[in-house]
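Enquirer: prediction below, plus the sequence it came from.
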Amino acid sequence: MGKVYITGLGVISAIGNDVQSCFNTLNSAKTGIGKAHFFHSKYTDSLLFGEVNLNNDQLVSLTDSSHEEGLTRTTLLAYKAFQEAIKSADLSEEEISSFKTGFISSSTVGGMSNTDELYADANLKGEPSEFVKSYGGGEHVLRIIKKYGIKGFTSTINTACSSSVNAIMLGARLIKSGRLDRVIVGGTDSLAKYTVNGFNSLMILSDEFCQPFDERRKGLNLGEGAGFLVLESDRVVKNTSTVGEVLGYGNANDAYHPSATSPEANGPRLAMKRALGNAHISEKEIDYINAHGTGTVNNDETELFAFQKTFTKIPPYNSTKSYTGHTLAASGAIESIFSLISLNENTLFPSLNCSNPIGKNNEAPISKVIQKEMKIVMSNSFGFGGNCSSVIFKKTT
């Protein structure tokens, strides 16, 4: 079954518009969460968001897409991250359009980020808007397929916040089975009234900076962004400076509650156990974990419990959602990229805003920038409905 290497990365988030700028911000331990400038809602003044620091016109300019109509912010963010990923992997047009190249992405809000236009169109208020064909969850995938001439296997995944890790998992499996030589995987989500109102109805949004794994945590801050990774089989990889190897992955569902994990953390525990088994490594070989770490009461308590039951000694861990906010379907890909940055830079970044950690006896998250030689790291993403996924990466350079 051969190895699956990562040969390219592309990301845009509240802390940077590319991989290098995200690394710089992580290394300076500065959050990108704050007041929204481009997203408008009745909650804009009262809540904090992890908003990308570019308006739609700037995104159009950066992605050379001024000739396209009906482009949602979700698609524009995807364009920007996809563009960086294929460039960093040095993929040719022929390779991108090969039937042996796949594309698997994810989104929760999709084109419904244009909620006002959706309402007007659905209720026949005035003439149809330019977005009338753009509301589907897979809209950005269809756009990228057309823009880049992708002919191979394509799909859109929506398993809520575990979506883009599941995209990584499916892509790796397709490569290992010999069905594809390479797959571009990831996800994208933009801020939207649809998701903000939905999360607000669950009463899990914080009006302060989120505090993952802190005793006084109040909830999460929603964010936006996109992340893509280029996965290639060892049969075809030509880039000698690979970013890493997809060593293992696991998925589980505790089927406990629509928006919460079980007190026993059955889903998270099984996802991590399966990832370790798939990677054929011991739990002691994990050097760092990028936790799901939403800052909600339920998630942080159950995830820490899962760590306690999975690891003899909990590895260093953080929640980079304290930098970007929760980017929903994009979070797994973005946090996998951050995990790979940590792995290759041998740097652990602090989990922000955790002054009173719930974990006792050396179980608190990382509190400062630390230089640490690492070989293997894990990233967790847990979604609504109990869909839990873990992915493990290994250093290759």
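Expert: Yep, it's here.

Enquirer: low-confidence ranges, the stretch 201-350 of the chain, go.
Expert: 239 (pLDDT under 70).

Enquirer: which residue sits closest to S282 in space, ignoring its chain neighbours?
Expert: For S282, ignoring the flanking residues on the chain, the nearest one in space by C-beta to C-beta, 6 or more residues apart in numbering is L276 at 7.3 Å. Placement of C-beta: from N, CA and C, glycine included.

Enquirer: before we move on, what SS does that neighbour have?
Expert: Following DSSP: H, G, I helix; E, B strand; the rest coil, L276 is assigned to helix.

Enquirer: which residues are in contact with it?
Expert: 248, 250, 282-283, 286, 310, 392 (C-beta atoms under 8 Å, 6 or more residues apart in numbering).

Enquirer: which of those are buried, as a PyMOL select command?
Expert: Applying 16 or more other C-beta atoms under 10 Å to the contacts of L276, the buried members can be selected in PyMOL as follows:
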select buried, resi 248+250+283+286+310+392
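
Enquirer: among the contacts of L276, which two are most distant?
Expert: Distances among the contacts of L276 were taken as C-beta to C-beta; the most separated pair is G250 and S282, at 14.8 Å.

Enquirer: from D90, how far off is D181?
Expert: D181 sits 15 Å away from D90, going by C-beta to C-beta, to the nearest Å.

Enquirer: who has more neighbours, those two?
Expert: The residue with more neighbours, out of D181 and D90, is D181; 20 against 12, by other C-beta atoms under 10 Å.

Enquirer: for M169, state which of the contacts of L276 is nearest.
Expert: Scanning the contacts of L276 for proximity to M169, where the rule is C-beta to C-beta, the winner is G250, at 8.2 Å.

Enquirer: what sits against the nearest residue to that closest one once chain neighbours are set aside?
Expert: Closest residue to G250 apart from its sequence neighbours, by C-beta to C-beta, 6+ apart: R274 at 2.8 Å. By C-beta under 8 Å, 6+ apart, the contact set of R274 is 249-252, 390.

Enquirer: go again with 10 Å.
Expert: 248-252, 388-390 (C-beta atoms under 10 Å, 6 or more residues apart in numbering).

Enquirer: in a strand, K147, correct?
Expert: No. K147 sits outside any strand when classified using three-state DSSP, being helix.

Enquirer: pLDDT value on it, please?
Expert: At K147 the predicted local confidence, pLDDT, stands at 97.

Enquirer: if we can go back for a sec, which ones among the contacts of L276 map onto strands?
Expert: Counting by DSSP state E, the contacts of L276 place 248, 250, 392 in strands.

Enquirer: how about TSV for these, with distance to L340 added?
Expert: Compiled in TSV, the ones in strands among the contacts of L276 are given as follows (distance: C-beta to C-beta, whole Å):
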residue	distance to L340
G248	15
G250	18
I392	11
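
Enquirer: skipping its backbone neighbours, what lies nearest the residue nearest the centre of the chain in space?
Expert: Ranked by distance to the mean C-alpha position of the chain (C-alpha atoms, centre = their mean), the top residue is S331 at 2.2 Å. Closest residue to S331 apart from its sequence neighbours, by C-beta to C-beta, 6+ apart: C161 at 5.7 Å.

Enquirer: so that neighbour touches S381, yeah?
Expert: Yes. C161 sits in contact with S381 when judged by C-beta atoms under 10 Å, with a separation of 5.8 Å.

Enquirer: looking at the two, which has the bigger crowd around it?
Expert: Between C161 and S381, S381 has the larger neighbour count (other C-beta under 10 Å), namely 31 against 28.

Enquirer: which residues does that one form a beta bridge with?
Expert: S389 (DSSP bridges).

Enquirer: from H326, how far off is it?
Expert: Distance from S381 to H326, by C-beta to C-beta: 10 Å.

Enquirer: rewinding a little: now for the residue nearest to S331: which residues touch it?
Expert: So C161 contacts 106, 108, 187, 189, 292, 294, 299, 326-332, 381-385, 387-389 (C-beta under 10 Å, 6+ apart).

Enquirer: change it to 7 Å
Expert: 328-329, 331, 381-384 (C-beta atoms under 7 Å, 6 or more residues apart in numbering).

Enquirer: good, we can wrap up now.
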